[in-house]
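> Predicted model and sequence below, questions to follow.
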Amino acid sequence: MFEALSDRLGGVFDTLTGRGALSEKDVRAGLREVRIALLEADVALSVVKDFIERVQTEATGDKVLRSVTPGQQVIKIVHDALIDMLGGGEETPAINLHAAPPVAILMAGLQGSGKTTTAAKIALRLKKRENKKVLLASLDTRRPAAMEQLQQLSKQADAGFLPIIAGQTATDIATRAMNAARLGGYDVVILDTAGRTTIDEEMMAEASAIAAIANPAETLLVADALTGQDAVETAQRFNQRLPLTGLVLTRMDGDARGGAALSMRVVTGLPVKLLGVSEKLDGLDVFDAKRIAGRILGQGDVVSLVEKATETLDAEKAERMAAKMKKGEFDLDDLAEQLRQLQKMGGMQSILGMLPGMGKMKKQMAGMDMDDSVFKHQEAIISSMTRLERAKPAIIKASRKKRIAAGSGTGVPAVNQLLKMHKQMAGMMKKMGRGGRKGMMNALGGQGAGMGGPGGLDPSALQNLGGGGLPGLPGPGGGMPGLPKKK
């Protein structure tokens with residue numbers, strides 16, 4: 001979402017850091033570009049004005065201009081100001097469950113904002129992470145099939161669902177939901193209220209009446225980040241009528257300019273608690289000001305990457321893999337497991353988006369084929385092999401390659417490319433097994449695990465991996481291993 005803003009700010013900061021010394025005029029010119037970038041990203045004018053005033057006051061002081069690295073100092077000031085604008089450096093408060101069960105969570109928002117799906121996402125999150133027994137209840141008596149939609153989602157989230165009784169009002173359903181939650185021993189009940197295409201008095205009155213019945217510990221406003229400043233206005237108007245406790249921004253994986261996400265916290269004074277980052281039920285992240293600021297400034301989000309890996313990693317498989325790596329062993333079954341792990345983590349684009357320095361690599365990587373479907377093709381090739389072939393790839397000669405290609409729906413060149421990638425990775429594993437950390441560095445061509453030093457990832461290092469360090473990255477021949485090169 002913040003890609004355009006990140007690119008624009010990156011250009012401004014490259015100019016500032018490219019100079020050994022900065023004058024006040026240089027800093028003001030740079031901040032003028034930052035101001036334009038924020039306005040183009042659809043950040044509210046009042047927010048931009050306050051932001052620039054604060055940064056300019058700090059960035060034009062003698063302490064910065066006379067420092068050894070004034071450009072870096074300006075970037076740090078902008079980074080800190082972004083964090084404050086997004087909610088400060090303190091950790092975002094989690095969903096409040098500190099009340100006698102059943103704890104009620106009230107979902108509010110306009111129609112089409114993703115409220116119903118978000119309710120199911122929260123239910124799944126509370127069940128998996130907090131081990132809570134959750135009941136979902138649909139109070140949307142107007143939108144066709146709204147109740148049935150939540151019922152289906154509740155099954156996917158493995159959460160309870162309040163049975164549908166035709167003809168009941170929203171307030172009747174709220175009363176029944178709270179009673180059913182008490183009797184059923186539920187820890188949390190999530191109430192999905194009705195929305196409209198625009199805010200009206202009837203909707204607000206209904207939401208207020210439901211809040212009076214359920215006495216929710218959390219009243220979350222769900223807003224679509226793609227609607228820009230309209231989302232900010234919606235949040236303001238809801239906040240005037242309902243005792244909102246937090247915001248949830250959906251479709252953060254979209255291509256909007258991101259101004260709503262940057263403005264909403266300042267304009268409403270409410271914390272952004274959760275972000276919808278995909279359509280999948282597990283596509284819900286906790287909002288963290290430091291991480292978002294880091295992404296905007298091209299510093300990546302390694303913490304989120306580690307968390308995602310931890311969530312999807314099978315501990316037993318990881319231990320077995322580590323033991324084999326120590327011995328320098330790496331067969332095609334291991335490669336298939338690596339490919340599956342990458343897909344579980346959201347695919348190559350998702351992973352690369354969290355790595356520091358990737359913003360500056362976009363032009364260099366523009367010609368790379370980063371289509372995640374290649375993983376499925378490669379898995380299909382491996383699945384078409386016998387157990388012996390997967391364990392001993394060296395025995396795969398011409399006739400076997402033809403059979404494997406036919407069985408996987410690919411061609412012999414694709415099989416050859418996969419085998420080549422595996423050979424390169426197996427060679428790396430042997431070096432790592434023999435030399436420990438030093439062997440790992442040598443296997444990566446001395447590039448510090450492909451990080452290229454303090455400047456971030458080095459594209460040439462990725463190229464030199466030949467698909468080894470990150471399965472599916474292009475090798476020296478170009479194109480994705482397992483698929484033909486782009487024409």
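Sure thing, it's come through. Numbering: from 1, shown residues only.
> element containing the residue of the chain positioned farthest from its centre, please.
Residue farthest from the centre of the chain, counting by CA atoms, centre = their mean, is Ser399 at 43.9 Å. Using DSSP states H and E, Ser399 sits in helix 398-408.
> Now Leu135: which helix or strand?
Assigned by DSSP H and E, Leu135 falls within strand 134-138.
> Let me see the mean pLDDT of that strand.
On average, the pLDDT along strand 134-138 is 96.
> Now do the helix or strand that comes right after that strand against strand 134-138, angle only.
Where DSSP H and E defines the elements, the next helix or strand beyond strand 134-138 is helix 146-156. Angle of helix 146-156 versus strand 134-138, following axes from the mean of the first three to the mean of the last three CA atoms, to 10 degrees, is 160 degrees.
> Show me the contact partners of the next helix or strand after helix 146-156.
Later in the chain than helix 146-156, the nearest helix or strand by DSSP H and E is strand 160-161. Contacts of strand 160-161 with the rest of the structure, by CB atoms under 8 Å, 6 or more residues apart in numbering, involve Lys133, Val134, Leu135, Leu136, Ala137, Leu150, Gln151, Ser154, Lys155, Gly184, Tyr186. Where you see a C-beta, it was placed from the backbone N, CA and C, and this is true even at glycine.
> What strands flank strand 160-161, and is each parallel or antiparallel?
When pairing is defined by DSSP bridges, strand 160-161 lines up against strand 134-138 (parallel).
> contacts for the partner strand?
Here strand 134-138 makes contact (CB under 8 Å, 6+ apart) with 102, 116, 119-120, 123, 126-127, 146-147, 149-151, 153-154, 157, 159-162, 164, 173-174, 176-177, 180-181, 184, 186-192.
> show me where the stretch 101-250 of the chain has helices.
In the stretch 101-250 of the chain, the segments counted as helices under DSSP state H, counting those that start in this stretch are 115-130, 146-156, 170-184, 201-214, 229-241.
> Which among these is found nearest to Ser23?
helix 229-241 (35.0 Å; CB to CB).
> pLDDT (mean, whole number) over the closest one?
81.
> packing partners for it?
Counting contacts by 3 or more CB pairs under 8 Å, 6 or more residues apart in numbering; DSSP states H and E, helix 229-241 packs against helix 201-214, strand 218-224, helix 259-268.
> Test my guess that Gly71 contacts Leu22.
Yes - Gly71 is within contact range of Leu22, at 6.5 Å (criterion: CB atoms under 8 Å).
> so what sits against both of these two?
Leu16.
> List the residues that contact the residue positioned nearest the centre of the chain.
For the chain, the residue nearest the mean C-alpha position is Val277 (5.2 Å; CA atoms, centre = their mean). Neighbouring residues of Val277 by CB under 8 Å, 6+ apart: Met252, Asp253, Gly283, Leu284, Asp285.
> Could you identify which of those residues has the most neighbours?
Counting neighbours by other CB atoms under 10 Å, Met252 leads the contacts of Val277 with 24 neighbours.
> Need the per-residue pLDDT for Phe375.
For Phe375, the predicted pLDDT is 80.
> Which helix or strand contains the closest residue to it other than its chain neighbours?
In space, and not counting its chain neighbours, Phe375 is closest to Leu339: 4.7 Å by CB to CB, 6 or more residues apart in numbering. Using DSSP H and E, Leu339 sits in helix 332-344.
> Give the rounded mean pLDDT of that helix.
Mean per-residue pLDDT for helix 332-344: 81.
> just how off-centre is it within its chain?
Relative to the centre of its chain, helix 332-344 is centred 21 Å away, using CA atoms, centre = their mean, to the nearest Å.
> Could you export it as CSV, CA atoms only?
Written as CSV, here are the backbone C-alpha positions of helix 332-344 (Å, rounded to 0.1, in the frame of the first residue of the first chain):
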residue,chain,number,x,y,z
LEU,A,332,14.6,-33.2,-3.3
ASP,A,333,12.1,-33.9,-0.5
ASP,A,334,13.9,-31.1,1.5
LEU,A,335,13.5,-28.8,-1.5
ALA,A,336,9.8,-29.5,-1.8
GLU,A,337,9.4,-28.7,2.0
GLN,A,338,11.2,-25.4,1.5
LEU,A,339,8.9,-24.5,-1.4
ARG,A,340,5.8,-25.3,0.7
GLN,A,341,7.1,-23.2,3.5
LEU,A,342,7.6,-20.2,1.3
GLN,A,343,4.0,-20.5,0.1
LYS,A,344,2.7,-20.8,3.7
